[in-house]
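Student: below is the structure, and that's it, no one-letter string:
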Ligand SMILES: Nc1ncnc2c1ncn2[C@@H]1O[C@H](COP(=O)(O)OP(=O)(O)OP(=O)(O)O)[C@@H](O)[C@H]1O
Ligand SMILES: [Mg+2]
């Protein structure tokens, strides 16, 4: 087939070949067994393999071992549904892990049977860097808020230490107290001091944890930890807003695979939004519940964050996830919380849903694929 361009006849097949070969994203095809049957120039360039080498490899060799189970599942799904878009990781020849968005379609033969896949994979490193800056900024803002609460929390044990040491000094200076009583009193005050010191150590250790670098990681995460970390960071806001928290979640039960900081950021924003939405409410209750769910044959955790706040009208719900959409006063909200949350969840092959009615509170539901080692299949929570 020919098209006319600049007065010349160009073979469209050659044109497509050239477009695909020089496409700015990686393009590859695999056969039924996952053997790479085609790869374009960007694929060899970014992964550091020669074209011949890649064509002798199986696609599974390009993934880090810990996501191979998910890869197999994705491969099965794409064969069934004909197309799929996922976030994943490729490992380059030098070991560099490249976060990618892979869009795959299935090419069928003349009889409608699976022939091969056609995948376009976009290098997400730049995007991730931007996002990580954003998350870090959000996290620093949250830490600022946490510091207010910590200053308050440190005050009580500190006062106890100061009082105990003052009284102990007085005891040591007085000559008319019997030895036995002196020993008993000293032991009591020493106990108060060490208990208070332990409380303060606990607080400062957790604070140090929160100042940790935002480093992209893909590892098993317990939702219990991320949810409790987010509640801890917002503790001051929750207490000063008289918000009652109900969170009957059990540790080591709800495992997911992903980046702990990023997932924590999702909950941090949902909880902060819930507190803001309940500022004028009579009943202020924030509840977090997790249940298991099956979606496209995969097991998910359905995590519902419910508030008794002002609720959101249908009109407003359309705009909510758009970047920079905020109803909060200047300096209080940037309108990036929910759009960031949505993209983080998409990267984790999850999603976020909203169920709300004006005046009746809101429920944001976070769906994340369950990670087996932390999520025994037999248990339903
Ligand atoms: N639980 C909720 N109840 C009522 N309205 C909500 C709730 N959560 C979010 N919203 C509305 O959605 C808007 C967007 O939320 P989002 O988290 O994206 O941004 P923000 O909270 O305004 O600012 P940021 O999160 O960047 O500090 C909010 O301004 C608020 O109007
Ligand atoms: Mg927000």
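Tutor: In hand now; what should we look at? Here the structure is a predicted model, which is why all the values come from computation and not from measurement. Ligands and ions are numbered 1, 2, ... in the order given.
Student: so which strand or helix has the nearest residue to residue 241 once chain neighbours are set aside?
Tutor: Counting by C-beta to C-beta, 6 or more residues apart in numbering, residue 241 lies nearest to residue 275, which is 5.1 Å off, once chain neighbours are set aside. Glycine gets a C-beta too; all of them are placed from N, C-alpha and C. Using DSSP states H and E, residue 275 falls within helix 260-277.
Student: mind checking how far residue 295 is from residue 288?
Tutor: In this view, residue 295 and residue 288 are 20 Å apart by C-beta to C-beta, to the nearest Å.
Student: name the residue in the two with the higher neighbour count.
Tutor: Counted by other C-beta atoms under 10 Å, residue 295 and residue 288 do not tie: residue 288 has more neighbours, with 23 against 12.
Student: any stretches of this structure with poor pLDDT?
Tutor: 1-10, 139, 143, 145, 206-217, 331, 373-381 (pLDDT under 70).
Student: which parts of it are strands?
Tutor: Taking DSSP state E as the criterion, the chain contains strands spanning 2-5, 8-11, 26-30, 36-39, 83-91, 97-108, 114-123, 219-222, 244-246, 255-258, 285-295, 298-307, 351-356, 362-369.
Student: with distance to ligand 1 added, can I get the ones you listed in a markdown table?
Tutor: What follows is these, written out as a markdown table (distance: least, C-beta to the nearest ligand atom, whole Å):
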| stretch | distance to ligand 1 |
| --- | --- |
| strand 2-5 | 46 |
| strand 8-11 | 48 |
| strand 26-30 | 32 |
| strand 36-39 | 39 |
| strand 83-91 | 21 |
| strand 97-108 | 22 |
| strand 114-123 | 25 |
| strand 219-222 | 22 |
| strand 244-246 | 14 |
| strand 255-258 | 20 |
| strand 285-295 | 9 |
| strand 298-307 | 5 |
| strand 351-356 | 7 |
| strand 362-369 | 4 |
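Student: quick one, which of these is nearest to residue 315?
Tutor: With distances scored as C-beta to C-beta, the stretch of the strands of the chain nearest to residue 315 is strand 351-356 (11.7 Å).
Student: leaving out chain neighbours, which residue sits closest to residue 310?
Tutor: Using C-beta to C-beta, 6+ apart and skipping the chain neighbours, the partner closest in space to residue 310 is residue 277 (5.3 Å).
Student: mind listing what the residue of the stretch 101-250 of the chain found nearest ligand 2 touches?
Tutor: Residue of the stretch 101-250 of the chain nearest ligand 2, by C-beta to the ion: residue 138 (8.9 Å). Contacts for residue 138 were tallied using C-beta atoms under 8 Å, 6 or more residues apart in numbering; they are 265, 268, 269, 336, 337, 340.
Student: also residue 308?
Tutor: If a contact means C-beta under 8 Å, 6+ apart, then residue 308 has 278, 281, 283, 284, 285, 361 as its contacts.
Student: for those residues, work out which two are farthest apart.
Tutor: Set against one another by C-beta to C-beta, these have their most distant pair in 284 and 361, with a gap of 10.3 Å.
Student: tell me the domain boundaries of this protein?
Tutor: Annotated domains of the chain cover 7-123, 126-216, 218-381 [automatic domain parsing].
Student: excluding chain neighbours, what is closest to whichever residue of the chain sits closest to ligand 1?
Tutor: Minimum separation of the chain from ligand 1 (C-beta to the nearest ligand atom) falls at residue 337, amounting to 2.4 Å. Distance criterion C-beta to C-beta, 6+ apart; nearest residue to residue 337, sequence neighbours excluded, is residue 269 at 3.6 Å.
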